[in-house]
Each structure stands twice: as C-alpha cells, then as structure tokens.
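Novice: coordinates only, sequence not included:
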C-alpha cells in the first residue's frame with residue numbers, strides 16, 4: 001500500500017548472482033536467450049556499460065511484496081561481479097539519500113541482506129564514509145540489520161564453481177551447446193568467472209587443510225584434478241586483492257551487535273572442504289566433504305557472527321528470502337529484533353553424516369530459466385502438492401426409473417430424436 005504517510009524503510013539486498021545485470025540497457029543476467037548466445041562473455045570483469053537492474057524476482061519478489069504492507073521497501077541490486085569495496089560506495093550513497101528522507105519523520109531505516117548482501121554491508125562499514133552512514137542508521141532504536149545466510153567466513157561453493165563442480169556453469173555450458181555456440185564451453189565460462197573479484201572475496205578463509213587465498217593451494221588442487229576436470233587457476237594478484245578485502249571486512253563488525261540478527265538455513269548437505277582420495281589404481285582424485293550443518297551453500301560455523309543471535313529457518317540458502325511461511329518471523333525480527341516463530345536451536349541433522357562425498361547437483365539436459373535461476377541463487381525447485389480433485393460418484397443399478405425418488409439427469413445430443421429409454425422417461 002502507499003497512502004502517502006511516512007513508513008519505516010527497509011533495504012533489500014540480494015545475494016551473489018541474485019541481481020539482474022544489463023549491458024547497454026539489455027538484460028544479460030539472467031536472460032536465457034542472451035546467456036545461451038554467449039552472453040557471459042559480455043559480462044567479463046572489464047566489460048563496459050554493465051549495470052545492475054533489479055533483484056531476481058523469483059528469490060525476492062514475494063518478500064518485497066509482503067514487507068510493502070508495513071514498510072517502504074527499497075530493493076538494492078548491485079554488480080556482484082565486482083569487488084565488495086567498489087559496490088559498497090553505491091550502498092553508502094543510497095542509504096544516505098534514504099536517511100535524509102526518513103530522519104525528519106523519525107522513521108527507522110533497516111536492512112535485510114541475503115547471502116553476499118551481508119558482506120556488502122560489512123564492506124560499507126569498513127569504509128569511513130560508510131561507517132558514518134551505518135552509525136547514522138543506528139541512531140534510531142528500531143533500525144536493524146537482518147542477515148540471511150551471509151557467508152561471513154566464506155563459502156565452499158566458490159571453490160566448487162572455480163573447479164567445475166557447480167551446476168550453474170554446467171547449465172550455462174549446456175545452453176551454449178544447444179545454441180551451437182561451441183566456444184562457450186564450461187572451461188571458457190570458468191575462465192570468465194575466475195576473474196570476478198566479488199566471487200573470489202567469498203572464498204573460505206578458515207580451512208584446516210587449504211588456504212584458498214594462496215596460489216600454492218590452487219596449484220596443488222589443479223595438479224590433482226587436471227586429469228578429471230578442465231579449469232584454470234585464479235591469478236595470484238586477484239587472490240591477493242581478495243585476501244585484502246576479506247581482511248578489511250573481518251575487521252569491520254556491524255556494531256552494536258544487538259542490532260544484528262542472523263537467520264541460518266537448513267539443508268541435508270553443505271560443501272565443507274576438499275580432500276584427496278586414491279582410487280584402486282593409485283590415482284589421486286579431488287573430493288568434496290559434506291556437512292549436515294549448513295544451508296546447502298553456507299556452513300553455520302562460517303556464517304554466524306560471534307555475539308549475534310541466530311535463528312534457524314527450514315529453507316535452503318537460495319530460499320531464505322523466498323520461504324513464505326517464515327515471512328512473519330522476518331517481520332518480527334525487523335520490527336522487534338526478536339521472534340518466537342523460528343527456532344534458536346539448531347535442528348537435528350542426519351544424512352550428510354552418512355555421506356563420504358558431497359554429491360553434485362544433477363544438471364538438467366535442457367535447462368530452462370527457472371532451473372538456471374535456482375542454480376544461480378542456490379534455490380530448490382518447489383514441489384507443489386497436488387490437490388485432490390472433486391469427484392462425482394456414479395453407480396449402475398438395475399431397476400425402473402419410474403420409481404426413482406431423486407432427480408434423474410439424462411444426457412441428450414441436440415437435434416437427436418427422443419426414442420427408446422429417453423422416450424419412456426419423457427412419458428413418466
């Protein structure tokens with residue numbers, strides 16, 4: 001509704017790959033036809049005239065509509081390819097403009113940030129000007145930051161993508177194959193995304209075995225994997241820049257922490273690291289270790305922030321902003337900083353504990369826009385329950401309709417002669 005009266009403001013920040021991108025005014029991401037015609041090559045990191053267009057409707061449209069009943073919703077798409085530091089400046093300017101409008105009416109300005117969006121907020125706070133905007137926002141007692149599955153410690157889905165184990169790039173490669181665009185095979189697509197600073201800045205930062213910001217790690221992984229998967233290592237300079245940004249973000253907590261709420265998702269298995277296993281012939285294979293403690297893309301232990309209260313939603317990573325049964329809980333958190341509609345206790349987990357290796361998602365033979373979108377944002381295809389149709393019970397009995405105690409319905413073709421049984425009924 002919009003009755004013209006001032007209302008609380010909420011910024012809605014999408015996750016990685018959750019913002020449509022356009023080139024010279026034409027949508028490329030996520031557009032099935034454009035991407036099938038090699039559109040990702042128009043989204044190289046140094047491409048010109050690329051602008052964020054809007055959040056992906058499938059992931060954020062329903063939540064925006066729900067919140068619009070009580071808030072002024074400000075969708076804030078951003079270019080997830082670029083460095084978080086670069087995009088943080090745009091968020092600072094957008095917040096400052098909205099604070100100018102809200103402050104005279106004593107209305108709070110809050111943020112709901114999905115996935116990478118939470119890192120974008122922290123990158124903004126790491127900048128002196130952005131920190132001032134955050135402090136200004138927090139002056140209102142009802143202003144809050146709601147993080148939905150933010151990978152504060154990184155996500156193993158990024159190494160999976162860079163080593164050719166993520167379904168979104170497989171689907172893009174299939175789309176190009178269907179369009180006979182043979183130059184854009186999976187290896188070529190990986191070569192494009194490995195240069196995205198925004199993606200590299202989401203690499204896991206705490207791993208017992210591998211330092212994903214070190215070139216030596218990628219050399220070791222590539223040596224093991226080169227016989228089975230074709231991919232190119234990230235560049236040393238890009239890894240160093242990503243490490244510097246993550247260090248900057250890790251030092252910028254969104255204080256006061258009582259203004260922050262964290263919502264974690266739940267999935268049967270979440271990638272939790274690489275390990276090397278030998279086959280019967282003694283050859284090394286790169287495997288992915290699963291964990292039941294995560295949302296399918298982000299582990300609970302690497303997502304949550306110390307000192308920030310966590311709630312658990314029964315939804316996978318890409319559905320955290322699209323799970324309608326939890327919308328009232330998100331509204332509670334937004335308005336009160338508390339909710340009893342979500343559990344604060346981690347759910348009992350099973351399934352991944354019994355798996356030795358993380359199972360890659362099956363890639364559809366003919367990807368459609370919904371499949372590609374769900375793969376990009378980490379969503380799960382909705383399984384709609386079939387409604388039981390109304391049935392008419394028909395019985396065949398022997399008897400004389402002349403003695404029927406109920407109305408008798410007779411089907412008759414227009415123009416046909418009324419004869420036989422119909423003629424008898426007509427006389428009764």
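Specialist: Cool, the structure landed. This structure is a prediction, so every number in the text was calculated from the model and none was measured.
Novice: could you check how far residue 416 is from residue 346?
Specialist: Here residue 416 is placed at a distance of 70 Å from residue 346 (CB to CB, to the nearest Å). Bear in mind the C-beta positions are built from the backbone N, C-alpha and C, glycine included.
Novice: looking at those two, which has the bigger crowd around it?
Specialist: Ranked by neighbour count (other CB atoms under 10 Å), residue 416 and residue 346 place residue 346 first, with 13 against 8.
Novice: now do the contacts for that one.
Specialist: Neighbouring residues of residue 346 by CB atoms under 8 Å, 6 or more residues apart in numbering: 264, 293, 300, 312.
Novice: how many residues are close by the second one?
Specialist: So the one you mean is residue 293. 20.
Novice: what are the buried residues along the lengthiest helix in the chain?
Specialist: When the chain is parsed with DSSP state H, its longest helix is helix 84-102. Neighbour-count burial for helix 84-102 flags 84, 85, 87, 88, 90, 91, 92, 94, 95, 98, 99, 102 (criterion: 16 or more other CB atoms under 10 Å).
Novice: same list, those residues, but as a markdown table with pLDDT and distance to residue 52 please.
Specialist: Compiled in a markdown table, the buried residues of helix 84-102 are given as follows (pLDDT from 0 to 100; distance: CB to CB, whole Å):
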| residue | pLDDT | distance to residue 52 |
| --- | --- | --- |
| 84 | 98 | 14 |
| 85 | 97 | 16 |
| 87 | 97 | 9 |
| 88 | 97 | 14 |
| 90 | 97 | 9 |
| 91 | 98 | 11 |
| 92 | 98 | 15 |
| 94 | 98 | 11 |
| 95 | 98 | 16 |
| 98 | 97 | 17 |
| 99 | 98 | 21 |
| 102 | 97 | 23 |
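Novice: pull the most distant pair out of these.
Specialist: Largest separation among those by CB to CB: 85 and 102, giving 25.9 Å.
Novice: contact partners of the least confident helix or strand in the chain by mean pLDDT?
Specialist: The helix or strand of the chain with the lowest confidence, counting by mean pLDDT, DSSP states H and E, is helix 420-427 at a mean of 77. Residues from elsewhere that reach helix 420-427, judged by CB under 8 Å, 6+ apart: 401, 408, 410, 412, 418.
Novice: so residue 277 sits in a helix?
Specialist: No - under DSSP: H, G, I helix; E, B strand; the rest coil, residue 277 sits outside any helix and is assigned strand.
Novice: do I have it right that it meets residue 283?
Specialist: No - assessed by CB atoms under 8 Å, residue 277 is found out of contact with residue 283, at 9.7 Å.
Novice: residue 206 in helix, strand or coil?
Specialist: Secondary structure, three-state DSSP: residue 206 is coil.
Novice: what is the burial count for it?
Specialist: Neighbours of residue 206 (other CB under 10 Å): 10.
Novice: give me the contacts around the longest helix of the chain.
Specialist: 6, 8-9, 11, 13, 74, 76, 78-80, 108-109, 116, 119-121, 123-124, 126-127, 129-130, 133-134, 136-137, 197-198, 201, 245, 248-249.
Novice: report the buried members of these.
Specialist: 8-9, 11, 13, 74, 76, 78-80, 108-109, 116, 119-121, 123-124, 126-127, 130, 133-134, 136-137, 197-198, 201, 245, 248-249.
Novice: of those residues, which belong to helices?
Specialist: Per DSSP H, the buried ones among the contacts of helix 84-102 map to helices at 116, 119-121, 123-124, 126, 130, 133-134, 136-137, 197-198, 245, 248-249.
Novice: tell me if residue 370 really is in a helix.
Specialist: Yes - under three-state DSSP, residue 370 falls within a helix.
Novice: that one: neighbouring residues, count only.
Specialist: Residue 370 - counted by other CB under 10 Å - has 14 other residues nearby.
Novice: wait, it touches residue 58, no?
Specialist: Yes - with contacts counted by CB under 8 Å, residue 370 reaches residue 58, the gap being 7.2 Å.
Novice: residue ranges of the strands in the stretch 251-400 of the chain, please?
Specialist: For the stretch 251-400 of the chain, the strands defined by DSSP state E, counting those that start in this stretch occupy 260-264, 270-278, 284-291, 309-312.
Novice: now do the longest one: everything it contacts.
Specialist: By that I understand strand 270-278. 156-157, 159-160, 204, 207-210, 221, 224, 284-299, 352, 358.
Novice: tell me the mean pLDDT over that strand?
Specialist: For strand 270-278, the mean per-residue pLDDT is 93.
Novice: what do you get for stretch 110-126?
Specialist: For stretch 110-126, mean pLDDT is 98.
Novice: for that stretch, the distance to its chain's centre please.
Specialist: Centroid separation between stretch 110-126 and its chain, computed with CA atoms, centre = their mean, to the nearest Å, is 15 Å.
Novice: coming back round to it: check the offset of the longest helix of the chain from the chain's centre.
Specialist: 23 Å.
Novice: that helix vs helix 128-138, what angle?
Specialist: 40 degrees (axes from the mean of the first three to the mean of the last three CA atoms, to 10 degrees).
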